[in-house]
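In: Any chance you can model this:
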Amino acid sequence: MTVERRRAARVLLLDEQDRLLLFRGVDPAAPGATWWFTPGGGLEPGEDLHGAATRELAEETGLHDVAVGPVVAYGTVSFSFRGQRFEQDQWFLLARTTRTDIDSSGTGAEEHALLLEARWWTPAELRCTSETVYPLGLAGFLEHLLAEGPPVTPVRL
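Out: Next comes the predicted model:
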């Protein structure tokens with residue numbers, strides 16, 4: 001099986017109460033398995049990280065006025081989706097919003113069907129959940145980010 005390489009901008013979107021937005025998704029090739037993940041997605045040709053993050057937020061949340069901030073973390077992840085293997089270099093950008101009403105109708109019909117729900121999580125809820133959350137280590141990183149502020153150099157997740 002060939003591995004598709006891609007680059008992605010992920011967004012750590014916080015509300016005024018320091019809650020983090022995550023989506024619960026499903027893979028049709030793995031019935032019954034769900035996981036939580038940050039908004040964001042692959043970079044389109046010629047697009048930079050901030051452009052991709054802003055576009056993805058608008059598509060997935062309906063929020064068009066979010067000021068996307070610095071890259072705070074990065075990593076590479078390997079995963080399978082719809083039977084296709086991916087290796088994804090991803091960067092996590094910090095953003096804040098005052099709005100918590102989410103409208104994911106901007107996603108394509110196929111993608112929309114795979115997003116089961118959106119939820120704003122507190123750091124404590126993330127630390128205590130038994131559900132699968134990506135990236136791994138997100139709860140501890142979020143707690144550190146909120147206590148210390150954005151790192152001078154992005155952290156590897």
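
In: which one is the residue nearest to the spatial centre of the chain nearest to, not counting chain neighbours?
Out: Geometric centre of the chain, nearest residue: residue 38, 1.9 Å, by Cα atoms, centre = their mean. Among residues not flanking residue 38 along the chain, residue 10 sits closest, at 4.5 Å (Cβ to Cβ, 6 or more residues apart in numbering). C-beta here means a position set from N, CA and C on the backbone, and glycine is covered the same way.

In: Below-threshold pLDDT in this protein: ranges please.
Out: 106-113 (pLDDT under 70).

In: ranges for the strands of it?
Out: Under the criterion DSSP state E, the chain contains strands at 3-14, 20-26, 34-37, 40-42, 67-81, 84-96, 115-121, 155-156.

In: packing partners for the first one?
Out: Using 3 or more Cβ pairs under 8 Å, 6 or more residues apart in numbering; DSSP states H and E as the contact definition, the elements that strand 3-14 packs against are strand 20-26, strand 40-42, helix 49-61, strand 67-81, strand 84-96.

In: Please repeat the previous calculation with a cut-off of 7 Å.
Out: strand 20-26, strand 40-42, helix 49-61, strand 84-96 (3 or more Cβ pairs under 7 Å, 6 or more residues apart in numbering; DSSP states H and E).

In: want to throw the ones you listed into CSV with mean neighbour count and distance to residue 105?
Out: Converted to CSV, the helices and strands packed on strand 3-14 look like this (neighbours: other Cβ atoms under 10 Å; distance: least, Cβ to Cβ, whole Å):
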stretch, mean neighbour count, distance to residue 105
strand 20-26, 20, 14
strand 40-42, 20, 16
helix 49-61, 21, 9
strand 84-96, 18, 20
